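S.K.: Dropping the sequence and predicted coords here.
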Amino acid sequence: VGWLFTDLVPEDTSKGTVKNLRGKADSHFLSAEECIMAADFQNKYPNPCKLSPEGHFGSKFVTVIATGDNTNNIHFEGYQVSNQCMALVRDNCLIPTRDAMELGYIKESTDKQYVPDVFYK
């Protein structure tokens, strides 16, 4: 089970080629907003697990992107976000930035919601 979206932009319609917009050194694989959406879907469709105290662990829900590859042909890429990302989205802690779609940040704690510090290496 999953969802599929596309970012296909024609490069040469006579050849049927498309632009390569993702996965380059100056680009991204998934934007923060796409990661948040994937985590939301994964949270809605948890994976049943008899060995977990909650009765579920992770998700089998996948995100597939139809995009251009480095040879400008249509290419499909599949992703899943981590359980940590799923928890951050579930608890409304992960937010996309407004000026750079590939970046996200962890919101600050308030008197209504404690948000622990998250460090990346």
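M.R.: Received the coordinates, thanks.
S.K.: Tell me where the longest helix sits in the protein.
M.R.: helix 32-44 (DSSP state H).
S.K.: Point out the other helices and strands that that helix packs with.
M.R.: Applying 3 or more C-beta pairs under 8 Å, 6 or more residues apart in numbering; DSSP states H and E, one finds that helix 32-44 contacts strand 2-6, strand 56-59, strand 62-68, helix 83-90, strand 94-96, strand 104-106. All C-beta atoms are positioned from the backbone trio N, CA, C, and that covers glycine.
S.K.: Can you tell me the strand partners of the worst-scoring helix or strand of the chain on mean pLDDT and which way each runs?
M.R.: Least confident element among the helices and strands of the chain, by mean pLDDT, DSSP states H and E: strand 104-106 (a mean of 84). When pairing is defined by DSSP bridges, strand 104-106 lines up against strand 94-96 (antiparallel).
S.K.: Now the partner strand: buried residues?
M.R.: Buried residues in strand 94-96, counted by 16 or more other C-beta atoms under 10 Å: 94, 96.
S.K.: Pull the residues that contact that strand.
M.R.: Strand 94-96 is contacted from outside by 31-33, 35-36, 39, 85, 88, 103-107, using C-beta atoms under 8 Å, 6 or more residues apart in numbering.
S.K.: let's see it at 6 Å
M.R.: 32-33, 36, 88, 104-105, 107 (C-beta atoms under 6 Å, 6 or more residues apart in numbering).
S.K.: thinking again about what came up before, now do the helix or strand following the longest helix of the chain, average pLDDT.
M.R.: Going down the chain from helix 32-44, the next helix or strand is strand 46-48, by DSSP states H and E. Within the predicted structure, the mean pLDDT of strand 46-48 is 95.
S.K.: Tell me how far strand 46-48 lies from the chain's centre.
M.R.: 18 Å (C-alpha atoms, centre = their mean, to the nearest Å).
S.K.: Offset the numbering so it begins at 502, please.
M.R.: OK, 502 is where the count begins now, so the last one is strand 547-549.
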